[in-house]
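Participant: what would the 3D arrangement of this be:
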Amino acid sequence: MAESDFIVPPPGLVPSVPEKAAPAAPPAHAPDRTVRAAPSRAVPPRALPTFVPGRVAPDAIPSPAPRPDAAAGVAPSQPAAPVWRLVGASGLEIVLDGVLVLGRDPVAAAASDARAVAIDDPTRTVSKTHAVMEPTAGGVRVTDLRSTNGSRVEAPGAPLTELVPGEPGEAPAGSAIYLGELGLRVDRVVRSTV
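Facilitator: Numbering: from 1, shown residues only. Got it, this is the predicted structure:
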């Protein structure tokens, strides 16, 4: 490139770099605050295991701790919690494998460990955040969250029971749960044992 191809700034536009001044010596009366490393000490050699490709020393792989119930030949003491489903007449099916908050547009904050599940309500009687459903060993625990149209449970062979808002009610297998006018049947989910 020719020298005329470079753009040269006008004099005084680029500041000049000041010369470095020598570092100032600390005053004679200032204490020395220098941190110095401790002298190194020799580390005694360790006997390291010899690595042979394709061979693993038997003591190199830790064995799993025995389970207390397995050692006694006993099955685990806590069986898996049953899983339930709520089935509606319109084909609605909700698997209840944990705590759920149901409603047209539910807020899960109604129960700290719950998951919000929005349901389509053709009856328009389900509140935005209507009820909490929790699986139990024998069915479903239902708690109405002060909904506009209330919640009811009809257990097999028992009369229809209106739930008191904020107080849990039990819905055993085969029960009908009504959120407003929307009916849901409680069924156990059958899982394959294979």
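Participant: for the chain, which residues score under the pLDDT cut-off?
Facilitator: 1-4, 17-82, 110-112, 191-194 (pLDDT under 70).
Participant: which stretches in it count as helices?
Facilitator: 68-71 (DSSP state H).
Participant: now the strands for it?
Facilitator: Listed in chain order, the strands of the chain (DSSP state E) span 84-88, 93-96, 100-103, 115-118, 131-135, 139-144, 151-154, 161-162, 168-172, 176-179, 182-188.
Participant: next, the contact list for the residue lying closest to Val95 once chain neighbours are set aside, please.
Facilitator: Closest residue to Val95 in three dimensions, ignoring its sequence neighbours and counting by Cβ to Cβ, 6 or more residues apart in numbering: Arg85, at 5.0 Å. C-beta coordinates here come from the backbone N, C-alpha and C atoms, glycine included. With contact taken as Cβ atoms under 8 Å, 6 or more residues apart in numbering, Arg85 is in contact with 93-96, 186-189.
Participant: which of those residues count as buried?
Facilitator: Buried members of those, scored by 16 or more other Cβ atoms under 10 Å, are 94, 96, 186-187.
Participant: how about Val189: what's its closest non-neighbour residue?
Facilitator: In space, and not counting its chain neighbours, Val189 is closest to Val83: 4.2 Å by Cβ to Cβ, 6+ apart.
Participant: what's around that neighbour, how many residues?
Facilitator: 14 (other Cβ atoms under 10 Å).
Participant: and the closest residue to Arg185 other than its chain neighbours, how many neighbours?
Facilitator: In space, and not counting its chain neighbours, Arg185 is closest to Val87: 4.8 Å by Cβ to Cβ, 6+ apart. By other Cβ under 10 Å, the residues close to Val87 number 14.
Participant: which strand residues bridge Val87?
Facilitator: Beta bridges link Val87 to Glu93, Arg185 when assigned by DSSP bridges.
Participant: please apply the same query to Tyr178.
Facilitator: The residues listed as beta-bridge partners of Tyr178 by DSSP bridges are Arg152, Gly183.
Participant: wait, it touches Thr161, no?
Facilitator: No - in this structure, Tyr178 is not within contact of Thr161 by Cβ atoms under 8 Å, at 10.2 Å.
Participant: so which of these two has more stuff around it?
Facilitator: Tyr178 (21 against 15).
Participant: surely the residue nearest to Val189 meets Pro135?
Facilitator: Yes - the pair Val83 / Pro135 is scored as a contact, 6.7 Å apart, by Cβ under 8 Å.
Participant: common neighbours of those two, please.
Facilitator: 96-97.
Participant: brilliant, that's me finished.
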